[in-house]
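**Q** fold the following, please.
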Amino acid sequence: MRAGANFFTEPASPAQRRYEAMRAYFVDELPAAQVADDFGYSTASVHQMATLLRSGRMRLFADARPGPKGPTKATGELRQKVTALRGRGLSVTQIARDLAGQGTPVSAQTVWKICAAEGSPRLRGDDTAARGPAGQVAPVKAAAISGWPAETGSLRCDHAGLLLLAPAMAEAGVHELITSAGYPATSQLPAWHSIGALLLAAATRVGRAHHIDRITDDTGLAFFLGLTALPKATHLGTYSYRARRQSSQKLLTGLIRRLRALGLATGSQGFNCDFHAIRHHGDDPVLEEHYVPSRSQRTRSVLTFFANDHASNEMVYANADITKTEQATEIIAFAGYWKSATGADPGLLVFDSQLTTYKILEELSGRGITWLTLRQRGKGELARLAALPASSWKRHTIDRAGRYRHPQLHEDVITLKGISAPARQIAIKNIGRDEPTLLITNGHDTPAKDLFARYAERMLIENEPGAYITGFSLNALSSAVSLNVDLDTTLTVVAGNLYRLFARNLPRYSRATPDTIWQHFLDDTGTLHITPDGVTLDLALRSHHPVLIDAGYADLAVPIPWWDGHRTLRYRFPPR
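**A** Numbers count the residues shown, from 1 in each chain. This is a model prediction of the structure:
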């Protein structure tokens, strides 16, 4: 080889190494393994680069940089031109504009650097170009609409899909519930307008009041609520701090009564209860530390409690105003809430072993409330179960999808410290765990396999709180005040039930997650056509609109209670 050949045989840059490797593979037809050894690649990398090169997705040579051609730096020729134009009394922006017209594009900043180097002072008052920030239009303040428009008109609505929830809002009486819940009013807005705006924000699945700017410029949504404009983040953020837990609980109680009248939230199959810690993204020593599963660590957070109806999956209760000392008794608080709302104690309560204590289980038993939970596995109990003969375990078949449909069960009546009455323990094997799972309950009538199936369903139902938490961005909270978070969780429960009411008559969507409902139907734009009799909403075309049309939305005329009760909302689905 001639002198200088090492430039090709020993490429210095990664780009040249790729080129030489591909040339050896394609032109010299060397095996991929040999090319990999010669140039330091794996054989798979050589095949991948060859595939990318054949398909045109790998470029071995870089193109020339785009952009204007010509002098862009302060060359001698450019300095002479700038100095000559400056001598004529032109400003830096005028000089830059004239040079661009002559085919020498240059920025005003470069012109000023040249003038400063030449000792030319800055000229003032000789440039008519606008200076300073652009003028701002004065914001429109939120206020109640004084009266229904006398003339027809149209309003663009960037979140028109949310108006598909209007039938559910009217059916559940949301306007009346919010008005009668005792939420505070302001000098400009009644409680309905402030809470209604927060409810729509929750239904959009974006994070909380400080992110409400996504919808506050939507005049169509404002008109739907009866406002000239939606309240801004500052108002809604400060308003949420004034809301009391008593008002939120009254709102939830009224909602449950309305849902039960519609055949929902009956509690016939009991409730699934669980805690969820919402992390605070900041450093606030006031908050207590709780275990946050998404972070796999204990950190400062707001502890929230949720309960959902097992039969229909509706969330029926939420509370974020909980301290560590109150944590164990929250299940008692839920039982009291349910009795206040329905006149009867809740049915079967299902929860994990960390939710409460044996002392509280004793109190639940004293009230005649049936509970089902896990028992922590002690070494002595595991040793006793391991010593049992095989005949003590009965094989059952569970009617459920997936694996582990044939568990082996063993029943005992045991005494637990702090619980006066004997409890029932069900040990389960053959469900994919090394050690038996232990269930305890104060219910002695239901067959053991049915109780196991019920708890297994509860573990699957945990997906429902997960769907609420992710679907409604509940983990995006930043407030360090638990009452502020409590209003947010309350409105999340209301928004989730509106989603359920909306989807229950849609074929194949009655049990869809909030995320699916949002993506397929509610994330849509449209135009409000306002007439003296009401509003017709033209929705932008979506591929899932045939489902809405088949469900009868094209024929609906929904009376909106806060539009004087007699004006209606109609839906149209224009063709493409």
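**Q** so who does Ser194 touch?
**A** Counting by C-beta atoms under 8 Å, 6 or more residues apart in numbering, Ser194 makes contact with 183, 185-186, 231, 235-236, 239. Quick note: C-beta positions are derived from backbone N, CA and C, even for glycine.
**Q** dihedrals phi and psi, it?
**A** Main-chain torsions, Ser194, degrees, to the nearest 10: phi -70, psi -50.
**Q** and if you look at the one 10 residues further on?
**A** Comment: the main-chain dihedrals of Thr204 come out as phi -80, psi -10, following degrees, to the nearest 10.
**Q** what distance do you get for the closest residue to it other than its chain neighbours to Ala201?
**A** Residue nearest to Thr204 in three dimensions, not counting chain neighbours: Ile215, with 6.0 Å by C-beta to C-beta, 6 or more residues apart in numbering. Ile215 sits 6 Å away from Ala201, going by C-beta to C-beta, to the nearest Å.
**Q** cool, Thr373 as well?
**A** According to C-beta to C-beta, Thr373 stands 36 Å off from Ala201.
**Q** more neighbours, those two?
**A** Ala201 (29 against 22; other C-beta atoms under 10 Å).
**Q** can you tell me the element that one falls in?
**A** Element membership of Ala201, judged by DSSP states H and E, is helix 191-203.
**Q** who are the packing partners of the helix or strand following that helix?
**A** Towards the C-terminus, the helix or strand next in line after helix 191-203, according to DSSP H and E, is helix 219-225. With contacts defined as 3 or more C-beta pairs under 8 Å, 6 or more residues apart in numbering; DSSP states H and E, the secondary structure elements packing on helix 219-225 are strand 153-157, helix 191-203, strand 526-531.
**Q** give me the number of residues near the residue lying closest to Phe573 once chain neighbours are set aside?
**A** Distances taken as C-beta to C-beta, 6+ apart put His545 closest to Phe573, at 4.9 Å, once the chain neighbours are dropped. Residue crowding around His545 was assessed by other C-beta under 10 Å; the count is 19.
**Q** what of Thr9?
**A** Thr9 is surrounded by 9 other residues when neighbours are defined as other C-beta under 10 Å.
**Q** could you pull out the helices for the stretch 301-450 of the chain?
**A** Assignment of helices within the stretch 301-450 of the chain using DSSP state H, counting those that start in this stretch yields the ranges 324-327, 330-342, 358-366, 379-386, 448-461.
**Q** and of those, who's closest to Phe7?
**A** Of all the helices of the stretch 301-450 of the chain, the one in closest proximity to Phe7, counting by C-beta to C-beta, is helix 448-461 (64.8 Å).
**Q** now do the helices in the stretch 1-150 of the chain.
**A** When secondary structure is read from DSSP H, counting those that start in this stretch, the stretch 1-150 of the chain shows helices at 6-9, 14-26, 32-39, 43-54, 76-87, 92-101, 108-117.
**Q** could you dump the helices of the stretch 301-450 of the chain into JSON lines with mean pLDDT and mean neighbour count added?
**A** As requested, those are arranged in JSON lines below (pLDDT from 0 to 100; neighbours: other C-beta atoms under 10 Å):
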{"stretch": "helix 324-327", "mean pLDDT": "87", "mean neighbour count": "12"}
{"stretch": "helix 330-342", "mean pLDDT": "93", "mean neighbour count": "18"}
{"stretch": "helix 358-366", "mean pLDDT": "93", "mean neighbour count": "16"}
{"stretch": "helix 379-386", "mean pLDDT": "91", "mean neighbour count": "12"}
{"stretch": "helix 448-461", "mean pLDDT": "77", "mean neighbour count": "17"}
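**Q** return the most buried member of the helices and strands packed on helix 219-225.
**A** Across the helices and strands packed on helix 219-225, averaging neighbours per residue (mean count of other C-beta atoms under 10 Å) puts helix 191-203 on top, at a mean of 25.
**Q** that one - what's its average pLDDT?
**A** Regarding helix 191-203, the rounded mean pLDDT is 90.
**Q** low pLDDT regions in the stretch 101-250 of the chain?
**A** Within the stretch 101-250 of the chain, the segments meeting pLDDT under 70 span 122-140, 206-211.
**Q** next, the angle from the helix ranked longest in the chain to helix 191-203.
**A** Secondary structure of the chain per DSSP state H: the longest helix is helix 482-503. Between the direction of helix 482-503 and that of helix 191-203, the angle (axes from the mean of the first three to the mean of the last three C-alpha atoms, to 10 degrees) works out to 70 degrees.
**Q** and the very next helix or strand once past helix 482-503, what does it pack onto?
**A** Per DSSP H and E, the first helix or strand lying C-terminal to helix 482-503 is helix 514-517. Where contact means 3+ C-beta pairs under 8 Å, 6+ apart, helix 514-517 is packed against helix 463-471, helix 482-503.
**Q** name the residues of helix 514-517 that are buried.
**A** When burial is assessed from 16 or more other C-beta atoms under 10 Å, helix 514-517 yields the following buried residues: 514, 517.
**Q** same check on stretch 416-428?
**A** Along stretch 416-428, these residues count as buried under the neighbour rule (16+ other C-beta under 10 Å): 416, 419, 423-428.
**Q** out of those residues, which are inside strands?
**A** When the buried residues of stretch 416-428 are checked against strands (DSSP state E), the matches are 423-428.
**Q** ok, those vs Ser391, which is closest?
**A** The shortest separation between Ser391 and any of these is 14.4 Å, and it belongs to Ala427 (by C-beta to C-beta).
**Q** thought Ala166 was touching Leu225?
**A** No - the pair Ala166 and Leu225 does not pass the contact test of C-beta atoms under 8 Å, sitting 10.7 Å apart.
**Q** quick one: strands adjacent to the biggest strand by length in the chain?
**A** Using DSSP E to define each element, the chain has its longest strand at strand 297-309. Within its sheet, and counting by DSSP bridges, strand 297-309 is paired with strand 271-279 (antiparallel), strand 289-292 (antiparallel), strand 315-319 (antiparallel).
**Q** tell me which residues in the first one are buried?
**A** Buried positions in strand 271-279, judged by neighbour count with 16+ other C-beta under 10 Å: 271-279.
**Q** ok, so of those, who is nearest His396?
**A** His396 has its nearest neighbour among the buried residues of strand 271-279 in Asn272, at 22.2 Å by C-beta to C-beta.
**Q** surely that closest one meets His310?
**A** Yes - judged on C-beta under 8 Å, Asn272 makes contact with His310 at a distance of 5.7 Å.
**Q** quick one: Ala142 and Leu487, what's the gap?
**A** To Leu487, Ala142 is 18 Å away according to C-beta to C-beta.
**Q** which of these two has more neighbours?
**A** Counting neighbours by other C-beta under 10 Å for Ala142 and for Leu487 shows that Leu487 has the greater number, 28 against 22.
**Q** which one of the helices and strands packed on helix 514-517 has the lowest average pLDDT?
**A** Ranked by mean pLDDT, the helices and strands packed on helix 514-517 bottom out at helix 463-471, which scores a mean of 56.
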